[in-house]
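S.K.: Okay, predicted coordinates and the sequence, questions at the end:
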Amino acid sequence: GAGVSQSPSNKVTEKGKDVELRCDPISGHTALYWYRQSLGQGLEFLIYFQGNSAPDKSGLPSDRFSAERTGGSVSTLTIQRTQQEDSAVYLCASSQGQGPDTQYFGPGTRLTVL
Amino acid sequence: AQSVTQLGSHVSVSEGALVLLRCNYSSSVPPYLFWYVQYPNQGLQLLLKYTSAATLVKGINGFEAEFKKSETSFHLTKPSAHMSDAAEYFCAVSDWPGANSKLTFGKGITLSVRP
């Protein structure tokens, strides 16, 4: 079946602009995670959704970052007033939400802030 | 907090040679451990996972890992490297049974395979 998809695959923006990154999880997966992969920090957890709720936002680096999930499916990660340090690959993963089950990752969105 | 350590950033082996990628964990509870592989410009793909059922875990593409509590290790091995194994490999620990199953990753190891 279809895996996790993310769009756009690449995004180049100017410093100070807002960007939206989209994640379409595997159908029926209740848990959704966002991670960030950067050269300096490696792979970092950003936020966790169970259904449409986000009980763990502990990884969001600043209040410029926000995310929502609607219909228990699609999620959007929004970065306001982008900074050069936001340049990274943003990865989305979904799972069935049952204990330490396998997380399936999307291909990521490469964000470059000029 | 749980964590994993992957020593070294790059491993190079000859085709047909043994692959050994090291991972050590730190956890106050029995850990749930994962190995993921990332090919260039792709997302992460699960190789195998340890969820306490058996200490020797077999995964895809001929990889396996052994959980050793006494050594707090979960090293990844493959008897014979293939050119297609060249990729970046990440060890990760789940936060479960914490608030959720978010993963904490090691820094990753790049595997190169020489012909």
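M.R.: That came through, no problem.
S.K.: who are the neighbours in contact with the closest residue to residue B:23 other than its chain neighbours?
M.R.: Closest residue to residue B:23 apart from its sequence neighbours, by C-beta to C-beta, 6 or more residues apart in numbering or on different chains: residue B:91 at 3.5 Å. To be clear about C-beta, it is placed using only N, CA and C from the backbone, and glycine gets the same treatment. Counting by C-beta atoms under 8 Å, 6 or more residues apart in numbering or on different chains, residue B:91 touches B:4, B:6, B:21, B:23, B:25, B:33, B:34, B:35, B:74, B:76, B:105, B:106.
S.K.: Skipping adjacent residues, who's closest to residue B:59 in space?
M.R.: residue B:48 (2.8 Å).
S.K.: and that neighbour, which of the three is it?
M.R.: Secondary structure assignment for residue B:48 (DSSP: H, G, I helix; E, B strand; the rest coil): strand.
S.K.: do you know how far residue A:93 is from chain B?
M.R.: 8 Å (C-beta to the nearest C-beta, to the nearest Å).
S.K.: Quick check: which element contains that residue?
M.R.: strand A:88-95 (DSSP states H and E).
S.K.: Parallel or antiparallel, which strands does that strand pair with?
M.R.: strand A:31-38 (antiparallel), strand A:104-105 (antiparallel), strand A:109-113 (antiparallel) (DSSP bridges).
S.K.: what's the average pLDDT for that strand?
M.R.: Per-residue pLDDT over strand A:88-95 has a mean of 96.
S.K.: Could you name the helices and strands sitting against the least confident helix or strand in chain A by mean pLDDT?
M.R.: Every helix and strand of chain A was ranked by mean pLDDT, DSSP states H and E. The lowest is strand A:53-56, at a mean of 92. Identification of packing neighbours for strand A:53-56 by 3 or more C-beta pairs under 8 Å, 6 or more residues apart in numbering or on different chains; DSSP states H and E yields strand A:42-50, strand A:65-69.
S.K.: closest to residue A:96 out of those?
M.R.: strand A:42-50 (11.2 Å; C-beta to C-beta).
S.K.: what residues does the closest one touch?
M.R.: Contacting residues not belonging to strand A:42-50 are listed as A:30-38, A:54-61, A:65, A:67, A:69, A:75, A:77, A:90-91, A:97, B:90, B:92, B:100, B:102-108 [C-beta under 8 Å, 6+ apart].
S.K.: Buried ones in it, by neighbour count?
M.R.: A:42, A:43, A:44, A:45, A:46, A:47, A:48, A:49, A:50 (16 or more other C-beta atoms under 10 Å in any protein chain shown).
S.K.: burial measure for residue 89, as a count.
M.R.: Just going to use chain A. Number of residues near residue A:89 (other C-beta atoms under 10 Å in any protein chain shown) recorded here: 20.
S.K.: actually chain B
M.R.: As a burial measure, residue B:89 scores 23 neighbours (other C-beta under 10 Å).
S.K.: Show me what residue B:58 is bridged to.
M.R.: Legend: beta-bridge partners of residue B:58 under DSSP bridges are residue B:64.
S.K.: surely residue B:34 meets residue B:45?
M.R.: No - Residue B:34 lies out of contact with residue B:45 (C-beta atoms under 8 Å); the separation is 11.0 Å.
S.K.: Please consider this matter closed, and thank you.
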